[in-house]
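K.L.:
Kindly return the folded structure for what I paste below:
(one chain, ligands or ions: 2)
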Amino acid sequence: MRISLDKAIKLLKAGEVVAIPTETVYGLAADARNDQAIAKIYATKERPANNPLIVHIAGIDQITEWASDFPPLAQKLATTFWPGPFTLVLPARADVPVTVRAGEPTVALRVPSHVICLQLLRESGLGLAAPSANKYTQLSPTTAAHVEFSLGDDIPVLEGGPCQVGIESTIVSVNGDDWQLLRPGMISESVITLVAGKPALHTSDEKPKAPGQHLLHYSPRTPCILFDSRHALDEYAATVPAAAALILGNENPTDITKNKLALALNPVSAAEQLYAALHTLDALHAPVILIESPPDTPAWAALRDRLHRAAYQPPTQK
Ligand code: AMP
Ligand code: MG
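P.N.:
Ligands and ions are numbered 1, 2, ... in the order given. Next up is the predicted model:
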């Protein structure tokens, strides 16, 4: 159900959930100070309660309403990358609802750049918790139609056009003078290193702590297989004629069969196209989607992350 900005503000203030546009993916938003509203996000998405939410705010001046510490390194990153697809995890103020941070002592904050989203944040005066507007582990939505496909037609949706970044934000935690990359995104680790003036801290732990970063995430319903080369993909495709395929390259559209899609050969455009392409291929109900892995270079890191998750097969139970 498409709704106006005024209606979205009314619903959010009344503690309801509304799907909203952002430049990354559509979010399922609720008042981040309202426990009951936050509970509706988890229930609608069927998301586990130990998976914290990102709080979207209208500007950097609101950060002290949520974070108890805003060290100079975090200030530098925020002033450089906000508004934009960049999330900062900082120590939380005690009055930030435990539900929104899933019991963590930290809170994740982002100032989005989508014009309608910013207008909503400014006019409502709310901080909005907004994970992707889809059922847990499914494909993220980059159009209003994707939201309705996953959550049903009764979900109120504020229309904002197709998302221009197309994949979820980069997440960075800052602790004093140190930073860690919790989730790769289109703002790359190398750019953050330049702005921070130092590389990410690598602890002896295997992985930085990012609750909810499950391998099985962002997945189509159709099983996916990832291939390191087009040659390997083509060889496999020859044995499964009904397979769908997602390849990389500026192919001539007439050379592409109806069950094959090509992403642009540059990572910025490919990210914008990614989820819509996977939604389209998923809707074919092919036995499998064959995916050509992007190159193992820093510029493609975020795309590779999402595609590896899409193709992740949980180990079979013995
Ligand atoms: P999304 O799935 O785009 O809503 O992003 C939420 C993800 O942000 C979670 O799954 C966590 O990995 C990360 N996150 C959110 N809040 C925190 C936090 N307080 N500490 C660490 N990671 C967080
Ligand atoms: Mg999500």
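K.L.:
average pLDDT for the helix or strand hosting R306?
P.N.:
Using DSSP states H and E, R306 maps to helix 301-310. The average pLDDT within helix 301-310 is 93.
K.L.:
Now do the buried residues in that helix.
P.N.:
301-310 (16 or more other Cβ atoms under 10 Å). C-betas here are computed from N, CA, C, even on glycine.
K.L.:
Adding distance to ligand 1, write those out as TSV.
P.N.:
Formatted as TSV, those follow (distance: Cβ to the nearest ligand atom, whole Å):
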residue	distance to ligand 1
A301	16
A302	13
L303	16
R304	18
D305	12
R306	12
L307	17
H308	16
R309	11
A310	15
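K.L.:
Would you tell me what the next helix or strand after the longest helix along the chain is?
P.N.:
If you go by DSSP state H, the chain has its longest helix at helix 267-282. With elements assigned by DSSP H and E, the helix or strand that comes after helix 267-282 is strand 289-292.
K.L.:
how about the helices in the stretch 1-150 of the chain?
P.N.:
Taking DSSP state H, counting those that start in this stretch, the helices of the stretch 1-150 of the chain run over residues 5-13, 35-45, 72-81, 115-124, 144-151.
K.L.:
any weak-confidence spans in this protein?
P.N.:
Residue ranges of the chain with pLDDT under 70: 204-217, 250-257, 314-318.
K.L.:
all strands in it, in order from the N-terminus.
P.N.:
Counting by DSSP state E, the chain has strands at residues 2-3, 18-20, 27-31, 54-56, 86-91, 106-110, 128-129, 157-158, 170-175, 178-183, 224-227, 244-248, 260-263, 289-292.
K.L.:
so which of those strands gets nearest G197?
P.N.:
strand 178-183 (10.4 Å; Cβ to Cβ).
K.L.:
The closest one pairs with which strands?
P.N.:
strand 170-175 (antiparallel) (DSSP bridges).
K.L.:
Excluding chain neighbours, what is closest to T22?
P.N.:
P112 (4.4 Å; Cβ to Cβ, 6 or more residues apart in numbering).
K.L.:
Please disregard the earlier target; I meant T170.
P.N.:
G185 (3.1 Å).
K.L.:
Repeat that for I57.
P.N.:
Per Cβ to Cβ, 6+ apart, closest to I57 is G127, 5.2 Å.
K.L.:
tally of neighbours for that neighbour?
P.N.:
For G127, the count of nearby residues is 21 (other Cβ atoms under 10 Å).
K.L.:
if I look at it, how far off is A49?
P.N.:
Using Cβ to Cβ, to the nearest Å, G127 is found at 19 Å from A49.
K.L.:
same thing with A94?
P.N.:
20 Å.
K.L.:
quick one, which of those two is more surrounded?
P.N.:
Between A94 and A49, counting by other Cβ under 10 Å, A49 is the more crowded of the two (12 against 7).
K.L.:
got a list of what that one touches?
P.N.:
Counting by Cβ atoms under 8 Å, 6 or more residues apart in numbering, A49 makes contact with 42, 99, 102.
K.L.:
same thing but 7 Å
P.N.:
42, 102 (Cβ atoms under 7 Å, 6 or more residues apart in numbering).
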